[in-house]
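After the sequence you'll find the predicted model.
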Amino acid sequence: MTRRPRDRIARGASHAGERHTVDVGPVAHGGHCVARLDDGRVVFVRHAIPGERVVIEVTEGTDGDKFWRADAVEVLSASGDRVRPPCPVAGPGLCGGCDFQHVDLGRQRALKAEVVAEQLRRLAGLDLPVVVEAVPGGLHGLRWRTRASFAHLPDGRRAMRRHRSHDLVAVEDCLIAAPSAESPSSHEQVEVAGVSHEFALAADGFWQVHPGAPRVLVETVLDLLAAQPGEKVLDLYAGVGLFAAFLADRVGPDRVVAVEGHPAAARDAVTNLPSGVRVLRGDVATVLRGALDEPFDLVVLDPPREGARRAVVEQVAQRAPRAVAYVACDPAALARDVASFAEQGYALTALRAFDVFPMTSHVEVVAHLVKSGSRLR
């Protein structure tokens, strides 16, 4: 549930373990807030809330680093949005799986909205209001994760890694995980507007881990694209066929092409999608360069965390769709790709953001892009 860290290259004497008193500045992408030491040094601080005054302990930082990382280990002036973390291993030096357990749920969503807005402003030159919407499922931000994997200590106990570390922390009960998270179903059913589809999943196949996410994302994509019968749809990074299945209902199965690079997911998509939908397996950029050299009315993009990137954006624009629905799990990657779409004549005309990862800094965003000149919906 947390990423394994990269090995770091030391750039001078280490300052890890030092303590400083700081005033906490704005939230930043990645689950931390920005603070400055007396000498102006930028420090990314976890376990803090903007506006607080805290004592930090440096966790990473050498003389030559552009910025340091730290944990807030003592709160001198607390935000009114600070709460007691429900999990006993959510805190400085403990499990790195959750970023915001110390923050009230409403403020968590506001912080995520600030991050999305800031990334769009900084990387795409857009100044837009952003609201992160709650999604049904879970229990007050807990017990929502339907799929989870754990490391194990030598004695067999379940464990998670510390933030940006290989070190393990025993986790008796992960509070964001649903009871069945370690043995998820191999089939999922999604119903939207009275229409239901069932999806077979490989053991290592991708599926949204929040129980309410598939439905709300499909509803949003269908609403933004307003697909009409007979229109041609290209579903890129199609996974096991979630969006393609419901779009096929709107435009007709023989009007949908799905592209997926993961072999198991592509095989599942063939099983899950109605006869007539064309499923192509392969790297999206490679497939677009070598095939599908034809116009499409609509495109859905649901890329991995690094985004679609310029090569794919340019290939999409060459198909001249009237609209693109971009489903993003990383605001920075989304903003970079929105900027690339702008270079190709496509403008961001609507955006919705969803809190499908409560207690963490992650957020899911759906963006609607059309030819420049349209108004924001």
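On my side now, so go ahead.

my guess is E133 contacts R352, does it?
Yes - here E133 lies in contact with R352, judged by CB atoms under 8 Å, at a distance of 6.7 Å. (Glycine included, C-beta is placed from N, CA and C.)

Which one's more surrounded, these two?
Remark: of E133 and R352, R352 carries more neighbours, 21 against 15, as counted by other CB atoms under 10 Å.

correct me, but that one touches V365?
Yes - using CB under 8 Å, R352 is in contact with V365, at 7.2 Å.

Tell me the bridge partners for V259.
V259 has these beta-bridge partners by DSSP bridges: L236, L280.

Tell me how far it lies from L301.
Look at V259 and L301: by CB to CB, to the nearest Å, they are 10 Å apart.

all helices for this structure, in order.
105-124, 213-225, 242-251, 263-272, 284-290, 309-318, 331-343 (DSSP state H).

how about JSON lines for those, with distance to G30, mean neighbour count and mean pLDDT added?
Output for these, formatted as JSON lines (distance: least, CB to CB, whole Å; neighbours: other CB atoms under 10 Å; pLDDT from 0 to 100):
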{"stretch": "helix 105-124", "distance to G30": "9", "mean neighbour count": "20", "mean pLDDT": "98"}
{"stretch": "helix 213-225", "distance to G30": "21", "mean neighbour count": "21", "mean pLDDT": "98"}
{"stretch": "helix 242-251", "distance to G30": "27", "mean neighbour count": "24", "mean pLDDT": "98"}
{"stretch": "helix 263-272", "distance to G30": "27", "mean neighbour count": "19", "mean pLDDT": "96"}
{"stretch": "helix 284-290", "distance to G30": "26", "mean neighbour count": "17", "mean pLDDT": "96"}
{"stretch": "helix 309-318", "distance to G30": "20", "mean neighbour count": "19", "mean pLDDT": "97"}
{"stretch": "helix 331-343", "distance to G30": "9", "mean neighbour count": "22", "mean pLDDT": "98"}
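
Of those helices, give the one that comes closest to M359.
helix 105-124 (7.3 Å; CB to CB).

okay but E114 is in contact with A28, surely?
No - using CB under 8 Å, E114 is not in contact with A28, being 9.3 Å away.

So what pairs up with the residue lying closest to V89 once chain neighbours are set aside in the strands?
Counting by CB to CB, 6 or more residues apart in numbering, V89 lies nearest to C95, which is 4.3 Å off, once chain neighbours are set aside. C95 has these beta-bridge partners by DSSP bridges: R162.

again, but for R69
F44, E60.

Quick check, it in contact with E60.
Yes - proximity of R69 to E60 meets the contact threshold set by CB under 8 Å, at 4.2 Å.

show me where pLDDT drops low in the stretch 1-150 of the chain?
The model of the stretch 1-150 of the chain has pLDDT under 70 over residues 1-10.

Which stretches in it count as strands?
Taking DSSP state E, counting those that start in this stretch as the test, the strands found in the stretch 1-150 of the chain are 19-28, 32-36, 42-46, 53-60, 67-77, 132-134.

Against R109, how distant is L126?
20 Å.

give the contact list for the residue nearest to V89.
C95 makes contacts with T2, C87, V89, M160, R161, R162, V169, V171, as judged by CB atoms under 8 Å, 6 or more residues apart in numbering.

In those residues, find the pair that's most separated.
That would be C87 and R161, which, of the contacts of C95, are the farthest apart (CB to CB) at 14.9 Å.

before we move on, back to that, as TSV, the strands of the stretch 1-150 of the chain with distance to V316 would be great.
As requested, the strands of the stretch 1-150 of the chain are exported to TSV (distance: least, CB to CB, whole Å):
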stretch	distance to V316
strand 19-28	30
strand 32-36	33
strand 42-46	34
strand 53-60	38
strand 67-77	35
strand 132-134	26
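
what's the spacing between stretch 195-213 and its chain's center?
16 Å (CA atoms, centre = their mean, to the nearest Å).

Kindly format the C-alpha coordinates of it as CSV.
Extracted C-alpha coordinates of stretch 195-213, given in CSV (Å, rounded to 0.1, in the frame of the first residue of the first chain):
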residue,chain,number,x,y,z
VAL,A,195,-27.5,-0.7,-16.1
SER,A,196,-25.2,-3.3,-14.6
HIS,A,197,-22.0,-4.9,-15.8
GLU,A,198,-19.9,-7.6,-14.2
PHE,A,199,-16.1,-7.5,-14.5
ALA,A,200,-13.7,-10.4,-14.1
LEU,A,201,-10.4,-9.5,-12.5
ALA,A,202,-7.0,-11.2,-12.5
ALA,A,203,-5.4,-11.6,-9.1
ASP,A,204,-3.0,-8.8,-9.8
GLY,A,205,-5.4,-6.8,-12.0
PHE,A,206,-6.1,-3.1,-11.4
TRP,A,207,-9.4,-2.1,-9.9
GLN,A,208,-10.4,1.0,-8.0
VAL,A,209,-10.0,0.2,-4.3
HIS,A,210,-12.7,2.4,-2.9
PRO,A,211,-16.1,0.6,-3.2
GLY,A,212,-17.9,3.8,-4.5
ALA,A,213,-15.2,4.8,-7.0
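
which of the residues in it are buried?
For stretch 195-213, the neighbour count (16 or more other CB atoms under 10 Å) marks 197, 199-201, 205-213 as buried.

could you dump those to a markdown table with distance to T360?
Shown next, in a markdown table, are these (distance: CB to CB, whole Å):
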| residue | distance to T360 |
| --- | --- |
| H197 | 28 |
| F199 | 24 |
| A200 | 28 |
| L201 | 22 |
| G205 | 21 |
| F206 | 17 |
| W207 | 17 |
| Q208 | 14 |
| V209 | 11 |
| H210 | 11 |
| P211 | 16 |
| G212 | 16 |
| A213 | 13 |
